[in-house]
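A.B. asks: Predicted model and sequence follow; I will ask about them next.
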Amino acid sequence: MKETIKKILIFNVNWLGDVLFSTATIRNIRLNYPDSYIACVIPSHCYPILKGNPHLNEIIIFDEKERHRSTLSKLKFVQLLKSKEFDMVFLLHRSLTRALICRLAGIPHRIGYYTKKRGFLLTKRVTPVGKDSMHRIDYYLNVIEKAGLRVEDRYLEFFFDEEDAKAVDDLLAKKSITKDDLLVVINPGGNWMPKRWPEEYWAILADKLISELGAKVIITGSHNDISVAKNIASLMKEKPVIVSGVFNLKQLGALSKRADLFITADTGPLHIANAAGAKRIIALFGPTSAMITGPYPLKNIAVLSKDVGCKIPCYVVNCKDNRCMKAIVPDDVMKEARKFGLTSR
């Protein structure tokens, strides 16, 4: 069948971290089909994750909650896919809508996890596994492996260019941060509140990093995290550099690679930093499980979590207690930083 597969579509998922996890699947599909045309469908906010990925010939945007919300816009998207004449699609998302779109687009081979509602739309039904039964990397690789493809590796990839690195270097130079400085980047944001470490803990930690190690501390994040960064800075005795809302995701990757240490909770930037080649990472895990959504590989990474008696993973997004994150204290993080050999400069 491989000889007849000239054009392949990957219908990806909707979340930054998971799209990063899927880069192992994308690369392994390319290894199996080195000469095929491979396109990937993602929402626009995930575009920077795959931009510049050398294993893809095309990135197609599908925003189900925005530009493709209406039935008419979805039908137009069907026509778009139909015009591209794909031979095969790997559906990494378990959505009924996406499977229906691919069926209506006339893609002959449709491969994805089986569900009762969409099973009839698939030509290769992969027996479902619990999303919490394996690491997300393996959850997506399992789709192609069960379809008969060879899986050769399981690492993530994230690409940025020299312009992104230069933008970071230029800003650091303006802030009088040189390559001789001990540079620590902290990422206090998170896509839902229970995964966030308390702001007062971040402030204590940042003060310790500056006063005890002589570090230059940068607080990063998106536009939505600007208020968080300012709150942390207001609680501090020392002065950090705030770049929340300044760098795009590609530049965040360049910044994380430049830093001596990157500290974050379980969120997209953690996996960007790891995939971009950050020297050292400390990852703070509370309600989520590092066995499922943790960084991989674990080279130069310390994962901190505490057993507080709760079931992990926990998806109680309105948790008022947040004791799993509060159990990790600033001194725990400083201890890990020193284990990495970070000392005062």
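C.D. replies: Cool, got the structure. Numbers count the residues shown, from 1 in each chain.

A.B. asks: thought G17 was touching G268?
C.D. replies: Yes. Between G17 and G268 there is a contact under Cβ atoms under 8 Å: 4.7 Å. For every residue, glycine as well, the C-beta is placed using N, CA and C.

A.B. asks: So for those two, which residues contact both of them?
C.D. replies: Counting by Cβ atoms under 8 Å, 6 or more residues apart in numbering, no residue touches both G17 and G268.

A.B. asks: quick one: contacts of the helix or strand containing L172?
C.D. replies: Taking DSSP states H and E as the criterion, L172 maps to helix 162-174. Residues from elsewhere that reach helix 162-174, judged by Cβ under 8 Å, 6+ apart: 178, 183, 243, 246-248, 250-251, 253-255, 257-258.

A.B. asks: Pull out the buried residues from the residues you listed.
C.D. replies: Using 16 or more other Cβ atoms under 10 Å as the burial test, the contacts of helix 162-174 include L183, V243, V246, F247, K250, Q251, G253, A254, L255, K257, R258 as buried.

A.B. asks: E212 and I219, how far apart?
C.D. replies: Separation of E212 from I219 (Cβ to Cβ, to the nearest Å): 18 Å.

A.B. asks: Look at those two and report which has more neighbours.
C.D. replies: I219 (24 against 14; other Cβ atoms under 10 Å).

A.B. asks: Tell me who's in contact with the closest residue to that one other than its chain neighbours.
C.D. replies: Closest residue to I219 apart from its sequence neighbours, by Cβ to Cβ, 6 or more residues apart in numbering: A229 at 4.3 Å. By Cβ under 8 Å, 6+ apart, the contact list for A229 reads P188, I219, G221, I242, S244.

A.B. asks: go with 6 Å
C.D. replies: Contact analysis of A229 by Cβ atoms under 6 Å, 6 or more residues apart in numbering lists I219, G221, I242, S244.

A.B. asks: Do you know the pLDDT at it?
C.D. replies: With respect to pLDDT, A229 has a value of 95.

A.B. asks: All the strands of the protein, in order from the start?
C.D. replies: Remark: strands assigned in the chain by DSSP state E are 7-11, 37-42, 58-61, 88-91, 109-113, 124-126, 183-187, 216-219, 241-242, 261-265, 281-284, 301-304.

A.B. asks: Just name the closest of the contacts of helix 162-174 to R154, please.
C.D. replies: G253 (19.8 Å; Cβ to Cβ).

A.B. asks: Roughly how far does that closest one sit from G17?
C.D. replies: Taking Cβ to Cβ, one finds G253 at 14 Å from G17.

A.B. asks: Also R103?
C.D. replies: Taking Cβ to Cβ, one finds R103 at 29 Å from G17.

A.B. asks: who has more neighbours, the two?
C.D. replies: For R103 and G17, the more surrounded residue by other Cβ under 10 Å is G17, and the numbers stand at 22 against 17.

A.B. asks: Contacts only, for that one.
C.D. replies: Neighbouring residues of G17 by Cβ under 6 Å, 6+ apart: G268, H271.

A.B. asks: now with 8 Å?
C.D. replies: Going by Cβ under 8 Å, 6+ apart, G17 touches R136, T267, G268, L270, H271, T293.

A.B. asks: quick one: the first one from A254, how far?
C.D. replies: Spelled out, that is R136. In terms of Cβ to Cβ, R136 sits 24 Å off from A254.

A.B. asks: likewise the fifth one?
C.D. replies: Taking Cβ to Cβ as the measure, H271 falls 15 Å from A254.

A.B. asks: For the residue nearest to T178 when sequence neighbours are not counted, give me the pLDDT.
C.D. replies: Distances taken as Cβ to Cβ, 6+ apart place L172 nearest to T178, at 7.9 Å, with adjacent residues excluded. Looking at L172, its pLDDT reads 96.

A.B. asks: Check G286 too.
C.D. replies: 89.

A.B. asks: Looks like it contacts M193 (just checking).
C.D. replies: No. G286 is beyond contact range of M193, at 10.7 Å (criterion: Cβ under 8 Å).

A.B. asks: Having no further points to raise, I will conclude here.
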